[in-house]
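Visitor: return a 3D structure for these sequence lines:
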Amino acid sequence: CFFFFKQKTAYEMQRGLVGSEMCIRDRLFKNALVFALFCQGIPFVYYGSEQAFNGGNDPENRESLWDKMDMHSEMYKFLQSANEARKKYKVWSHKHVERLVKDHVYIFNRGLVLICTTNIDETTHVVVKKHGYPDDTKLCNIYDTKDCVIAKKAGIEISMVNGLPKVYIPGQQLSLIHI
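Guide: So this is what the prediction gives:
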């Protein structure tokens with residue numbers, strides 16, 4: 001599976017990104033991480049990604065992790081939630097099924113998990129018509145417990161807000177994932 005993200009790794013990033021540029025980079029980077037963790041194959045996370053290291057030119061491209069490891073940082077918790085969902089639903093034992101492919105939105109599922117990614121920092125509204133869930137199935141986003149959708153025969157309406165990825169699981173299972 002392949003999906004193009006306009007994103008550089010922490011090793012390629014130049015220092016000095018501040019404010020909105022940093023926020024955009026982090027949101028798009030989260031999409032790349034979610035895609036890598038849920039796509040078919042062996043997931044990978046570069047050293048420092050879980051701490052949202054900035055990278056830079058040599059030697060800043062090799063920040064020390066050991067004195068900066070923060071298990072309460074936003075990115076660490078983001079990856080922790082994704083990994084908990086992966087393990088709980090054993091996504092590796094389910095096929096990667098594409099549900100919606102557009103220029104800037106890619107949605108697929110692995111078993112009961114519906115993964116929504118984008119490669120732009122904008123709000124996009126889509127309807128996933130061939131979703132594979134029984135009618136009236138409630139799915140909730142592991143990153144925002146108030147973001148739940150209902151599967152209908154006509155489709156699942158999803159709003160990708162400000163370029164953030166979404167990982168939906170059955171609503172009654174939401175409390176089992178650390179958020």
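Visitor: ok, and the closest non-adjacent residue to Lys130?
Guide: Among residues not flanking Lys130 along the chain, Arg99 sits closest, at 6.3 Å (Cβ to Cβ, 6 or more residues apart in numbering). Glycine gets a C-beta too; all of them are placed from N, C-alpha and C.
Visitor: isn't the one you found right up against Val126?
Guide: No. Under the criterion of Cβ atoms under 8 Å, Arg99 lies out of contact with Val126, with a separation of 9.9 Å.
Visitor: for the residue nearest the centre of the chain, give me its contacts.
Guide: Averaging the C-alpha coordinates of the chain gives a centre point, and the residue nearest to it by Cα atoms, centre = their mean is Val34 (3.1 Å). Taking Cβ atoms under 8 Å, 6 or more residues apart in numbering, we find Val34 in contact with 82, 115, 117, 165, 167.
Visitor: in whichever strand or helix holds it, what counts as buried?
Guide: Following DSSP states H and E, the helix or strand that holds Val34 is helix 19-38. Buried residues in helix 19-38, counted by 16 or more other Cβ atoms under 10 Å: 25-38.
Visitor: and that helix, how far out from the chain's middle?
Guide: Mean-position distance between helix 19-38 and its chain equals 8 Å (Cα atoms, centre = their mean, to the nearest Å).
Visitor: could you give me the average pLDDT of whatever helix or strand comes next after that helix?
Guide: Downstream of helix 19-38, the next assigned helix or strand under DSSP H and E is helix 74-89. Per-residue pLDDT over helix 74-89 has a mean of 93.
Visitor: tell me what the helix or strand following helix 74-89 is packed against?
Guide: Helices and strands here follow DSSP H and E; after helix 74-89, the next one along the chain is strand 96-101. In terms of contacts (3 or more Cβ pairs under 8 Å, 6 or more residues apart in numbering; DSSP states H and E), strand 96-101 is packed against strand 105-110, strand 124-128.
Visitor: could you rerun that using 10 Å?
Guide: Using 3 or more Cβ pairs under 10 Å, 6 or more residues apart in numbering; DSSP states H and E as the contact test, the elements touching strand 96-101 are strand 105-110, strand 113-118, strand 124-128, strand 156-160.
Visitor: so where's this structure uncertain?
Guide: Low-confidence segments of the chain, defined by pLDDT under 70, are located at 1-24, 48, 51-55, 172-179.
Visitor: if we use 90, what do you get?
Guide: Using pLDDT under 90 as the threshold, the predicted model of the chain has low-confidence ranges 1-29, 41-76, 121-122, 145, 171-179.
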